[in-house]
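*Asks:* Fold the following for me, if possible:
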Amino acid sequence: MSFQKILVAIDNSSLCKPVFSQALELAQVNASRLMLLNCLSSDMVGEPSVPMSVEMGLYPEMMNTAYQTQESLIEQRIEEAQAMLRSYCKTATSKGVLTEFDYKVGDAGQWLCKLAYSWGADLIVVGRRGRKGLTEALLGSVSNHVLHHAPCSVLVIQEADTRR
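*Replies:* Take a look at the predicted model:
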């Protein structure tokens, strides 16, 4: 089976390098294009906190400072994501692979499936940290969501078991 458009989930975890390496190798072998996607958690880049009233002891100056601090943090997270994506994109391009990237704010699993559909990906490469049971139920699993909702094939790179 040949893959022409490979969508790669990129984050700042230890699993990202093996995921990217596998996707890059597949892209080189198949003369494929890569799309790198990083999803910023909506918790991290969400709407500013609900304004508190002056009756609760917060003055407008304090609220303005809090909003500015949060906006600065959001901008910093976006810049970090873009820098990481540019770095991976440069690596892939230097290996002769046509590569583009994007970042989204929100649920990574949902965005990966949406982008796979709209971009016409025929493979998604994603990592799996190995959460099980209650931890997976509470924290969710991007790879599990993608496996069940993707419009194309999915390659899951399992995190190495350090207990071995």
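*Asks:* Can you tell me the SS state at residue 125?
*Replies:* Per DSSP: H, G, I helix; E, B strand; the rest coil, the secondary structure class of residue 125 is strand.
*Asks:* Please disregard the earlier target; I meant residue 121.
*Replies:* Going by three-state DSSP: residue 121 is coil.
*Asks:* OK, contacts around it?
*Replies:* 5, 6, 7, 35, 115, 151, 152 (C-beta atoms under 8 Å, 6 or more residues apart in numbering). C-beta coordinates here come from the backbone N, C-alpha and C atoms, glycine included.
*Asks:* Return the per-residue confidence for residue 89.
*Replies:* With respect to pLDDT, residue 89 scores 97.
*Asks:* what's the spacing between it and residue 152?
*Replies:* Distance of residue 89 to residue 152, given as C-beta to C-beta, to the nearest Å: 21 Å.
*Asks:* burial of the residue lying closest to residue 97 once chain neighbours are set aside, as a residue count?
*Replies:* Nearest residue to residue 97, sequence neighbours excluded (C-beta to C-beta, 6 or more residues apart in numbering): residue 27, at 4.6 Å. By the measure other C-beta atoms under 10 Å, the count of residues near residue 27 is 25.
*Asks:* element containing residue 27, please.
*Replies:* helix 16-30 (DSSP states H and E).
*Asks:* what sits up against that helix?
*Replies:* The contact list for helix 16-30, computed with C-beta under 8 Å, 6+ apart, reads 2-4, 6, 8-10, 32-34, 36, 88, 91-92, 95-97, 123, 125-127, 155, 157.
*Asks:* let's see 10 Å
*Replies:* For helix 16-30, the surrounding residues in contact (C-beta atoms under 10 Å, 6 or more residues apart in numbering) are 1-11, 13, 32-36, 38, 84, 88, 91-92, 95-99, 122-128, 155-160.
*Asks:* could you point out which element follows it?
*Replies:* Downstream of helix 16-30, the first helix or strand assigned by DSSP H and E is strand 33-40.
*Asks:* from the middle of its chain, how far away would that next one be?
*Replies:* 7 Å (C-alpha atoms, centre = their mean, to the nearest Å).
*Asks:* Pairing partners for that strand, with directions?
*Replies:* Next to strand 33-40 in the sheet, as set by DSSP bridges, lie strand 5-9 (parallel), strand 99-105 (parallel).
*Asks:* okay if I get those strands as a markdown table plus mean pLDDT, mean neighbour count and distance to residue 147?
*Replies:* What follows is those, written out as a markdown table (pLDDT from 0 to 100; neighbours: other C-beta atoms under 10 Å; distance: least, C-beta to C-beta, whole Å):
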| stretch | mean pLDDT | mean neighbour count | distance to residue 147 |
| --- | --- | --- | --- |
| strand 5-9 | 98 | 26 | 12 |
| strand 99-105 | 95 | 18 | 19 |
